[in-house]
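Undergrad: Below are the sequence and a predicted model for it; my questions follow.
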Amino acid sequence: MTTLVPVLLAGGSGTRLWPTSRKSYPKQFVDLIGSGESLLQSALKRSQFIPEAAPWIIVTGQDYRFLVAQQANETEIRVDSILLEPVARNTGPAIALAAFEALEIHESPKLMVQTADHCIRDMMAFSSVVNEAFESEAPFVLFGIKPTRPETGYGYIECGTAEGSAFVVKSFKEKPDRATAVRYLQADNYLWNSGMFMVNAKHYLETLKLLEPAMFEACHEAYRNASIDLDFKRIDSAPFVDSPSLSIDCAIIERIDNPIVIPYVGDWTDVGAWDAVASLANQDESGNSIRGDGVLLESTNTMIQAESRLVTGIGLENLILIETRDAVLVADLKKTQKVKELVDKLHVNSRKEATEHQTVYRPWGYFEKLISGNRFQVKQIVVNPGASLSLQMHHYRAEHWVIVSGTAEVQINDLTQTLTEDQSVYIPLGSKHRLTNPLKLPLTLIEIQTGDYLGEDDIVRLNDIYGRHE
């Protein structure tokens, strides 16, 4: 029996949505559109509208494993596997890993491949097109979006002969200039390439072996030598890094005869840049949208997203203003695709803001950098219920912890003590120590660090329940 297996590719860095999306906490984990859930969580919940779907297979980077697991658990949607890529090698290898995994679990799987950066709100239309693709006998089915505007940020699919409600793909078109996009819209036989696919897992691997044998062999060996790490499957690095880095389009879809495309006519947005986020926002009569603490005067078609302070504007038109605790982006709505170039420039200038947030997430919770100066740094630390930091020591810094709320179990060398609100403890330089939240409510504390060097790499993990120690 053929099984529909949803696959989510969730390893991107979302550079064009900087400063909210950064490598340390990219867009798939962020609630970008104010729905109350991240893009990843919204994607996982789509399977609720496809009753015959098996549990998810998620492919992500090893740096995001705990974020994926935590956010998936919060949705209570079933996930069979979380596969950890040691390096990014585009969608071709990622889907190959998912295909190997699906064939381990199911006798005859079809993969419904999605990425974690789409916003789809018309679930009836989505489930209908997924079921139609699943019922198709074609081994490769693409999902094309009926264009609503002359979009220059998407690739296009030219439709050929009709096969029922589907079409044979006549050609693929790269991102066009505006004049070409207008022509595509008027021709009425072009669809946006959504990047979603329904593929037969066995046929995918057979085709990959024929067209890209080096990719197939690298992925096969990497998957075969994968190791289990807690709830994750860690793909073997040595063979995987040798795989060519190609998209599924370049590796297979554009090289096979007669793939078919099914038009999807419903609400869909590729949340790839700030103009897409602005299009999804609730706008007033002047086309303005404000999320957070913002005020606009005599402005039109402008979006404010404020995270930590008041943001104001006068006489603005077609702009975005994105504020975070450590960075502000102001950009023309028509030039949001260039944010990636801006981030590249920050990298050249060795700016840590290019990749790091003030808030840093860990498997046990998160910490937020509040202030730093010469030989000191202050953080707020939040530890999840029942979670525990590693048993660790520091070579260059001492720490002072002040409990703000909750209960902390603190081990320093061979002494363990329990601290509650308004109590504090000092951890001398070089001391072995561990922090645990033994209760069912979050633990919040303020950490004051002092020393010659306060970098995050001055952590020697001696033991860790998350497997991060040496």
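TA: Perfect, thanks for sending it.

Undergrad: Report pLDDT for residue 1.
TA: Among the per-residue scores, residue 1 shows a pLDDT of 88.

Undergrad: can you check residue 470 too?
TA: pLDDT, read off for residue 470, is 63.

Undergrad: Under the pLDDT cut-off, which ranges of this structure? List them.
TA: 470 (pLDDT under 70).

Undergrad: In it, where's the longest strand?
TA: If you go by DSSP state E, the chain has its longest strand at strand 190-200.

Undergrad: Next, the buried residues of that strand.
TA: Neighbour-count burial for strand 190-200, counted by 16 or more other CB atoms under 10 Å, picks out 190, 191, 192, 193, 194, 195, 196, 197, 198, 199, 200. For every residue, glycine as well, the C-beta is placed using N, CA and C.

Undergrad: mind checking how far the first one is from residue 377?
TA: When CB to CB, to the nearest Å is applied, the distance between residue 190 and residue 377 equals 54 Å.

Undergrad: Check which helices and strands the longest helix seen in the chain is in contact with.
TA: Secondary structure of the chain per DSSP state H: the longest helix is helix 91-105. Helix 91-105 sits against strand 2-9, strand 56-61, strand 79-85, strand 108-115, strand 190-200, helix 201-211, helix 213-224, helix 248-251, with contacts defined as 3 or more CB pairs under 8 Å, 6 or more residues apart in numbering; DSSP states H and E.

Undergrad: Run through the helices of the stretch 201-350 of the chain in chain order.
TA: 201-211, 213-224, 237-240, 248-251, 274-280, 339-348 (DSSP state H, counting those that start in this stretch).

Undergrad: you'd agree residue 48 is up against residue 75?
TA: No: the pair residue 48 / residue 75 is not scored as a contact, 9.3 Å apart, by CB atoms under 8 Å.

Undergrad: got the contact list for the residue nearest to residue 464 when sequence neighbours are not counted?
TA: For residue 464, ignoring the flanking residues on the chain, the nearest one in space by CB to CB, 6 or more residues apart in numbering is residue 390 at 3.7 Å. Residue 390 makes contact with 434, 459, 461, 462, 463, 464, 465, 466, 468, 469, according to CB atoms under 8 Å, 6 or more residues apart in numbering.

Undergrad: how does this protein divide into domains?
TA: With domains defined by automatic domain parsing, the chain comprises 2-270, 274-348, 359-463.

Undergrad: okay, these, which one's buried deepest?
TA: Of the domains of the chain, the one with the most neighbours on average (mean count of other CB atoms under 10 Å) is domain 2-270, at a mean of 19.

Undergrad: and the end-to-end length of that one?
TA: 29 Å (CA to CA, to the nearest Å).

Undergrad: How much space separates the residue lying closest to residue 282 once chain neighbours are set aside from residue 34?
TA: Of all residues not flanking residue 282 in the chain, residue 289 sits nearest, at 6.0 Å (CB to CB, 6+ apart). Going from residue 289 to residue 34 by CB to CB gives 9 Å.

Undergrad: Overlap of the contact sets of those two?
TA: Joint contacts of residue 289 and residue 34 (CB under 8 Å, 6+ apart) are 281, 282.

Undergrad: now for the buried residues of strand 190-200, which pair is the farthest apart?
TA: Based on CB to CB, the longest span within these runs between 190 and 200 and measures 26.2 Å.

Undergrad: Next up, phi/psi of residue 451, please.
TA: Here is the backbone geometry of residue 451 (degrees, to the nearest 10): phi 160, psi 180.

Undergrad: In this structure residue 293 contacts residue 309, no?
TA: Yes: contact criterion CB under 8 Å: residue 293 and residue 309 qualify, at 6.7 Å.

Undergrad: Find residues that contact each of these two.
TA: Residues touching both residue 293 and residue 309 (CB under 8 Å, 6+ apart): none.

Undergrad: Please, where are all the strands along the stretch 251-400 of the chain?
TA: 260-264, 269-270, 289-291, 294-297, 303-306, 311-314, 319-323, 328-332, 359-362, 365-373, 376-383, 391-393, 397-405 (DSSP state E, counting those that start in this stretch).

Undergrad: could I get those as a markdown table with distance to residue 142?
TA: Shown next, in a markdown table, are the strands of the stretch 251-400 of the chain (distance: least, CB to CB, whole Å):
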| stretch | distance to residue 142 |
| --- | --- |
| strand 260-264 | 4 |
| strand 269-270 | 15 |
| strand 289-291 | 32 |
| strand 294-297 | 40 |
| strand 303-306 | 32 |
| strand 311-314 | 41 |
| strand 319-323 | 31 |
| strand 328-332 | 32 |
| strand 359-362 | 35 |
| strand 365-373 | 39 |
| strand 376-383 | 43 |
| strand 391-393 | 49 |
| strand 397-405 | 51 |
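
Undergrad: nearest to residue 164, of those strands?
TA: Nearest to residue 164 among those is strand 260-264 (9.2 Å), distances taken as CB to CB.

Undergrad: what lines up beside that closest one in the sheet?
TA: Applying DSSP bridges to the sheet, strand 260-264 is found paired with strand 140-145 (parallel), strand 166-173 (antiparallel).

Undergrad: what's the closest of these to residue 368?
TA: strand 140-145 (38.5 Å).

Undergrad: next helix or strand past that closest one?
TA: strand 156-163 (DSSP states H and E).

Undergrad: could I get that next one in PDB with only the CA atoms?
TA: Extracted in PDB, the C-alpha atoms of strand 156-163 (Å, rounded to 0.1, in the frame of the first residue of the first chain):
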ATOM      1  CA  TYR A 156       8.000  30.000 -13.400                       C
ATOM      2  CA  ILE A 157       6.700  26.800 -14.900                       C
ATOM      3  CA  GLU A 158       5.400  26.900 -18.500                       C
ATOM      4  CA  CYS A 159       2.400  24.600 -18.900                       C
ATOM      5  CA  GLY A 160       2.100  22.300 -21.900                       C
ATOM      6  CA  THR A 161      -0.500  19.700 -22.700                       C
ATOM      7  CA  ALA A 162      -3.400  19.300 -20.300                       C
ATOM      8  CA  GLU A 163      -3.900  16.000 -18.500                       C
END
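
Undergrad: where does residue 450 land in three-state SS?
TA: With DSSP: H, G, I helix; E, B strand; the rest coil as the basis, residue 450 sits in strand.

Undergrad: Is it correct that it is in contact with residue 374?
TA: No: using CB under 8 Å, residue 450 is not in contact with residue 374; the gap is 10.3 Å.
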